[in-house]
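# got a predicted structure plus its sequence, pasted below:
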Amino acid sequence: MSAATNHRLASIAALGVSGFAVWMMLAFAMSNTSQRQSQLERETAAAERFQRKVTAKDKSVAFVQARLDDVIKTPRAPGTEVGLPDTKDFALGRAALKVEVAAWDIDVRPDGKGLPKGRGDVFTGEEVFSENCATCHGDFGEAVDRWPVLAGGHDTLAEEDPVKTIGSYWPYLSTVYDYVYRAMPFGNAQSLSHDDVYAITAYLLYVNDLVEDDFELSHENFGSISLPNEKNFYPDDRASTEYAAFTGEPCMSDCKQSVEITARARVIDVTPEEEGAAKQEVAALDTSETTSTQGLSEEATAPSQEVAEEPSTSDALDKLLAAEGDAEYGEYLSSECTACHMSTAQTSKIPSILGWKQDDFAIALHAYRVGERIHPVMQMIAGRLGDEEISALAAYFSKIQK
Amino acid sequence: MAENNTTRRSFLKAGLTGAAATIATGAYAEGDPAITEIQPWMQELGEGVDARPYGTPSPFEKHVKRRNVEWLTADPVSSVNFTPLHELDGIITPNGLCFERHHAGIAEVDPAVHRLMINGLVEKELVFTMQDLMRFPRENRVYFLECAANTGMEWRGAQLNGCQFTHGMIHNVMYTGVPLRYILEAAGVKPNGKWILPEGADASGMTRSIPIEKALDDCMVAFKMNGEALRPEQGYPVRLVVPGWEGNMWVKWLRRIEVGDQPWHHREETSKYTDLFKDGRARRFTWEMDAKSVITNPSPQAPITHGKGHTVITGVAWSGRGTIPRVDVTIDGGKNWQKARISGPSFDKSMHRFYFEFDWDGRELLLQSRAHDSTGYVQPTKNELRKVRGENSIYHNNSIQTWYVNEKGVAENVEIS
């Protein structure tokens, strides 16, 4: 973008809302169509309508304002084509019938628009949920495997491992209703009756401790329910919080004295195994005695001063993985783990450690021990464990199935 | 078939042997067998024009494919796979390699019974067939589509070893379609129509709220990608194109657009695709994708196999707010940077291809690229971004990626000070 354009955008940004009209005029001045005058007038009128709306109370309009000022700054690439017709009615399509609109228009908004008539209570909800939802989401919304957790997680959003549930995170109850009716159960969408969806929604409020067990939800009292996290959402503010900091001519030479490697993917080792190419190539490179790189590595045997020496963690890990692990000793040690990681049921917050592959378990604890995984409690616990303890625990927990 | 027995590994070894030969002159005293021996394809007849009515890549390229990360999601039906960026060049992503993200699997929609409905705050609620849509004036535009969660696994540290996995939730294709404003104006948006809600025809009924200004600016209703019909996994027969904005908004299998006076706050714009900060509050409506780049070669899946000497570093850069006039590259972990060369067309909100050639001395490398976009925004480091956002936001990680390359040319995903 030219300096002139940048200057133009900067001055428009300073104008604020009224800048939109100016911007639209400039943007459309680039187009070369004969109809641009009518287009201009229409867009200017739209901009003025918008400007009047900004003073309205509607929060969504404030969002629009933020977007217009901060986001839609880049005009369509000029000069890429000319002659695309001005907007006009091409007399295409046909009128939608009421019955057709009703069949597809199922969306529900926070203000209650789109909410159908119906009702359902917590007890019914428990039954319907158990039948249709619990296979994936668990009886109480605690979730099975990696399916979404629906309940709990209160006051965890600022923690290291936030649990984002309907109760802890979602801002609006209407979203629950809309989504459950629209897309659930997974693989059998739109099969639930409206009363069933009211009941499920009531049950989800209940398992999130937001209503009592005698609660009934209906289109009549729906608007009285607020979710606790609604106030903690705010519109995109990157334009004021980030863009100035991330703009400007960066350093190009002698930018820092030294560079250290602080984290490595190999230590965590969660990359899917290659079926073919790259890992074999890497293996070939690691072991081949005939590659052309061998001579080079001799040349570069002296550690480069520019990069940090490779940490010895991979050697330590190899040693750890070579250890067999005494499962009985592991059982003896396991109470420290099962105090949090339940040995029978899985809580919604703390992950299960049962039935892990022995190596995965050892790699994970090792990663905590050397600070590559960053949970402070696990770092503290793993930091106290030697290789023998880790391999013993890994051997023990690998034998315990969920 | 001979090709099928030739693994990439043996192919690679042959390549390496060749490279060694150029150093140790005389290894081919009898001449390079690739030249001196007659290969089967030099002698025998190949397949005729009736054998491959829809062509596919060479069997030697069969490793070039989308891949998923099993542990990411509960089920592959509502999941994501990744574009093999390290195997591609130029700026266009081939249709069959464009990453996929579905919420209810790939809908196989019959275009004959597909309809697009416009309803809500419009003068006339309308229904269009595919044939109707194709009678509007069309345009052709190249845009990137990046999932907001691209690089999302890397917030807390270097996790996945390969740019396919760290950066592969992106593709860049040329769309043919109808400017959305034509369709909206045909229905006549009422003055209080401030938002649209596009909705998909798949079993997830995907919905997102989009401000009317964006809808009237550059959104498209597209039915072709790279000249051919959309692939089913990309929304056949018709999808929404929302240039520069997060991929989730580009609703596939588009069946309905409602016009309203306020946003809907549906699941994918509240529970998902909102950015949780360290203070427990969350940003929403973070639509446009900030400038970003990544070196695709070398990278963990694409090591340097030729040894020292002339070496080509290449990668891609993009911005949801404009073009990419400049990319910087460092080979020493950010002590010194040099401007890369950008090759290929520079379109608004499209991927750009950059190259940096240098004479590798065989020492360890710490490679990074840094994109500048046409607004003057410069791609931040991982630490700079984490300082502002914390580590729990999942989405919109556009920070600088580091690859460590050892003396053998093997690359690894790392973080550096």
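Yep, it's here.
# in the stretch 301-417 of chain B, which spans are strands?
B:309-318, B:326-330, B:338-339, B:341-343, B:352-360, B:365-372, B:402-405, B:411-416 (DSSP state E, counting those that start in this stretch).
# of these, which is nearest chain A?
strand B:411-416 (3.7 Å; Cβ to the nearest Cβ). Quick note: C-beta positions are derived from backbone N, CA and C, even for glycine.
# neighbouring strands - and their directions - for the closest one?
Strands that pair with strand B:411-416, judged by DSSP bridges, come out as strand A:261-264 (antiparallel), strand B:402-405 (antiparallel).
# winner for burial among the ones you listed?
Between those, strand B:402-405 has the highest mean count of neighbours, a mean of 26, where neighbours are mean count of other Cβ atoms under 10 Å in any protein chain shown.
# send the alpha carbons of that one over as CSV?
Listed next in CSV are the C-alpha coordinates belonging to strand B:402-405 (Å, rounded to 0.1, in the frame of the first residue of the first chain):
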residue,chain,number,x,y,z
THR,B,402,11.4,-21.2,14.8
TRP,B,403,13.0,-24.3,13.2
TYR,B,404,16.3,-25.6,14.6
VAL,B,405,18.3,-27.3,11.9
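# please convert the strands paired with strand B:411-416 to a markdown table, extending it with mean pLDDT.
A markdown table is the format used below for those (pLDDT from 0 to 100):
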| stretch | mean pLDDT |
| --- | --- |
| strand A:261-264 | 92 |
| strand B:402-405 | 98 |
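# need those in TSV (columns: distance to A:K399).
Shown next, in TSV, are the strands paired with strand B:411-416 (distance: least, Cβ to Cβ, whole Å):
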stretch	distance to A:K399
strand A:261-264	30
strand B:402-405	37
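# for the chain, give me the ranges with low pLDDT.
With no chain named, the answer covers chain A. A:1-82, A:87, A:274-313, A:339-340, A:342-350, A:374, A:376-377, A:402 (pLDDT under 70).
# ah, no, chain B please
B:1-26.
# can you give the domain ranges for it?
Per automatic domain parsing, the structural domains of chain B span B:86-283, B:292-414.
# the longest one: how far from the chain's middle?
By that I understand domain B:86-283. Remark: domain B:86-283 is offset 14 Å from the chain centroid, using Cα atoms, centre = their mean, to the nearest Å.
# quick check: end-to-end length of it?
32 Å (Cα to Cα, to the nearest Å).
# can you check the shortest one too?
One end of domain B:292-414 sits 17 Å from the other (Cα to Cα).
# which residue is the nearest non-sequential neighbour of residue 225?
Going with chain A. Distances taken as Cβ to Cβ, 6 or more residues apart in numbering or on different chains place A:L173 nearest to A:I225, at 5.0 Å, with adjacent residues excluded.
# should've been chain B
Distances taken as Cβ to Cβ, 6+ apart put B:V173 closest to B:M225, at 4.5 Å, once the chain neighbours are dropped.
# which residues are in contact with the most centrally placed residue in chain B?
Residue closest to the average C-alpha location in chain B (Cα atoms, centre = their mean): B:I170, at 1.8 Å. Neighbouring residues of B:I170 by Cβ atoms under 8 Å, 6 or more residues apart in numbering or on different chains: B:T83, B:L85, B:T93, B:F99, B:F144, B:L145, B:E146, B:C147, B:N150, B:W318, B:M351.
# can you do 10 Å?
Listed by Cβ atoms under 10 Å, 6 or more residues apart in numbering or on different chains, the contact set of B:I170 reads B:82-83, B:85, B:93, B:98-99, B:144-147, B:150-151, B:247, B:289, B:292, B:294, B:316, B:318, B:351.
# keep only those of these that are in strands.
B:F82, B:F144, B:L145, B:E146, B:K292, B:V294, B:V316, B:W318 (DSSP state E).
# now rank these by neighbours and give me the top one.
Counting neighbours by other Cβ atoms under 10 Å in any protein chain shown, B:L145 comes out on top of the ones in strands among the contacts of B:I170 with 31 neighbours.
# ok, that one touching B:C98?
Yes. Counting by Cβ atoms under 10 Å, B:L145 does reach B:C98; the two are 7.9 Å apart.
# what touches both of these two?
In contact with both B:L145 and B:C98: B:I170, B:H171, B:N172, B:V173, B:M225, B:Q234, using Cβ under 10 Å, 6+ apart.
# kindly export the helix or strand hosting the second one (C-alpha atoms) in PDB.
Assigned by DSSP states H and E, B:H171 falls within strand B:170-179. Only the C-alpha atoms of strand B:170-179 are listed here, as PDB (Å, rounded to 0.1, in the frame of the first residue of the first chain):
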ATOM      1  CA  ILE B 170      -4.700 -22.900   5.700                       C
ATOM      2  CA  HIS B 171      -5.200 -23.000   2.000                       C
ATOM      3  CA  ASN B 172      -5.200 -20.500  -0.900                       C
ATOM      4  CA  VAL B 173      -7.300 -21.000  -4.000                       C
ATOM      5  CA  MET B 174      -9.000 -18.900  -6.700                       C
ATOM      6  CA  TYR B 175     -12.700 -18.700  -6.100                       C
ATOM      7  CA  THR B 176     -15.300 -18.100  -8.800                       C
ATOM      8  CA  GLY B 177     -18.500 -16.800  -7.500                       C
ATOM      9  CA  VAL B 178     -21.100 -14.100  -7.100                       C
ATOM     10  CA  PRO B 179     -20.500 -11.000  -5.000                       C
END
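# what angle do it and strand B:352-360 make?
Here strand B:170-179 runs at 160 degrees with respect to strand B:352-360, directions being taken by axes from the mean of the first three to the mean of the last three Cα atoms, to 10 degrees.
# parallel or antiparallel, list what pairs with strand B:170-179.
By DSSP bridges, strand B:170-179 pairs with strand B:139-146 (antiparallel), strand B:220-225 (antiparallel).
# go through the ones you listed and name the closest to B:Q401.
strand B:139-146 (14.1 Å; Cβ to Cβ).
# what angle do that closest one and strand B:309-318 make?
Here the directions of strand B:139-146 and strand B:309-318 differ by 110 degrees (the same axes, to 10 degrees).
# return the set of buried residues in whichever helix or strand comes after strand B:139-146.
Note on strand B:139-146: by DSSP H and E, the next helix or strand toward the C-terminus is helix B:163-167. Residues B:C163, B:Q164, B:F165, B:T166, B:H167 are the ones in helix B:163-167 that count as buried (16 or more other Cβ atoms under 10 Å in any protein chain shown).
# alpha carbons of helix B:163-167, as PDB, please.
Provided in PDB are the C-alpha atoms of helix B:163-167 (Å, rounded to 0.1, in the frame of the first residue of the first chain):
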ATOM      1  CA  CYS B 163       4.800 -27.200   9.500                       C
ATOM      2  CA  GLN B 164       2.000 -29.300   8.100                       C
ATOM      3  CA  PHE B 165       0.800 -29.700  11.700                       C
ATOM      4  CA  THR B 166       1.800 -26.300  13.100                       C
ATOM      5  CA  HIS B 167       0.600 -24.200  10.200                       C
END
